[in-house]
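K.L.:
Provide a 3D model corresponding to the input given below.
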Amino acid sequence: MKLAYVLLGFLFFGIGTVGAFLPILPTVPFLLVASFCFAKGSTRFNSWFRSTKLYKNHLDGLVSSRAMTLRSKITVLSLASVMLILAFVFSPSAHARILIVCLLALKYYYFAFKIKTVKENPVDGYQQKVS
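P.N.:
Sure, this is the predicted structure:
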């Protein structure tokens, strides 16, 4: 089972890496799943993953202090919203549309009230709390 988690971790890490370069594919959700898989699969791969620049740029603040920069929040929210809105538009089911609207509302509530917004200091790379 640990091998399956490691393989899934690499799969989601790869998709997250592609998402870092393609604006249509979200990065953070895939990296979160990769982090979960590596943590379940192997301490060695988990340590390696946490030392990557991709992890430090996109997940370190979120995991350590439940905080993100405003830019990261906007990026995650906008890309996920586009995907959910497309699903809403193309969904023929009223129940599915209601579920999608609930997901959108929950997502914005969570990002607004549960994840702190931090300001990144470009000089030393540390983050400071904004709200």
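K.L.:
quick one: pLDDT of Ala96?
P.N.:
With respect to pLDDT, Ala96 scores 93.
K.L.:
just the pLDDT for the nearest residue to it once chain neighbours are set aside.
P.N.:
Excluding its sequence neighbours, the residue lying closest to Ala96 (CB to CB, 6 or more residues apart in numbering) is Ala87, at 7.6 Å. The way it works is simple: take the backbone N, C-alpha and C, and place the C-beta from them, glycine included. Looking at Ala87, its pLDDT reads 91.
K.L.:
please apply the same query to the one 3 residues further on.
P.N.:
The predicted structure scores Phe90 at 94 on the pLDDT scale.
K.L.:
what about it, how many neighbours?
P.N.:
8 (other CB atoms under 10 Å).
K.L.:
from Val33, how far out is it?
P.N.:
24 Å (CB to CB, to the nearest Å).
K.L.:
can you check Arg71 too?
P.N.:
From Arg71 over to Val33 (counting by CB to CB), the distance is 22 Å.
K.L.:
picking up where we left off before, I figured the residue nearest to Ala96 hits Leu99, correct?
P.N.:
No: using CB atoms under 8 Å, Ala87 is not in contact with Leu99; the gap is 9.5 Å.
K.L.:
helix, strand or coil for the residue nearest to Ala96?
P.N.:
Put simply, Ala87 is helix when judged by DSSP: H, G, I helix; E, B strand; the rest coil.
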